[in-house]
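>>> structure, please.
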Amino acid sequence: MKPIDLLTRTSPILADRVRLAIMATLAAAEEPVEFNALLNELQLTKGNLASHIRKLEQAGLLTVNKEFVDRKPRTSYRCTERGYRDLRRYLEQVEVLLKGVTAG
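Model (predicted):
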């Protein structure tokens with residue numbers, strides 16, 4: 001089995017580079033991250049970002065908070081405990097695979 005197949009099988013939701021970038025951004029943030037900040041940081045289209053966010057939310061890796069501030073809608077996201085745990089586990093798997101490749 002190829003290393004990338006192993007990662008995709010063990011954590012298919014995080015095997016996508018965009019979802020991995022979203023989760024890494026949220027995990028590193030001390031405060032909730034707003035939609036527009038993610039949009040600018042990751043240079044995605046609104047539809048693309050929204051689609052990936054929806055999949056991550058359905059998997060329980062992030063929470064979504066929608067509110068109105070000065071009559072304007074504001075949507076922000078936060079990494080859940082499961083999100084931190086799954087991201088950590090995924091990165092550990094990547095590290096093991098990279099060590100195996102560089103050792104050979």
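
>>> so how many other residues sit close to residue 89?
Residue 89 has 13 neighbouring residues, counting by other C-beta atoms under 10 Å. All C-beta spots, glycine's among them, are computed from the backbone N, C-alpha and C.

>>> let's verify it: helix, strand, or coil?
Following DSSP: H, G, I helix; E, B strand; the rest coil, the label given to residue 89 is helix.

>>> that one and residue 22: what is the separation?
Counting by C-beta to C-beta, to the nearest Å, the separation of residue 89 from residue 22 is 17 Å.

>>> next one: residue 65
15 Å.

>>> quick one: which of these two has more around it?
Taking other C-beta under 10 Å, residue 65 and residue 22 do not tie; residue 22 has more neighbours (27 against 11).

>>> that one: what's it in contact with?
Contacts of residue 22 were listed using C-beta atoms under 8 Å, 6 or more residues apart in numbering, and they are 38, 42, 49, 52-53, 56, 62, 77.

>>> tabulate these in a markdown table, adding columns for distance to residue 12.
Shown next, in a markdown table, are the contacts of residue 22 (distance: C-beta to C-beta, whole Å):
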| residue | distance to residue 12 |
| --- | --- |
| 38 | 21 |
| 42 | 20 |
| 49 | 19 |
| 52 | 13 |
| 53 | 17 |
| 56 | 12 |
| 62 | 16 |
| 77 | 20 |
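
>>> per-residue pLDDT, the residue nearest the centre of the chain?
Centroid check for the chain by C-alpha atoms, centre = their mean gives residue 23 as the closest residue, at 2.3 Å. Looking at residue 23, its pLDDT is 98.
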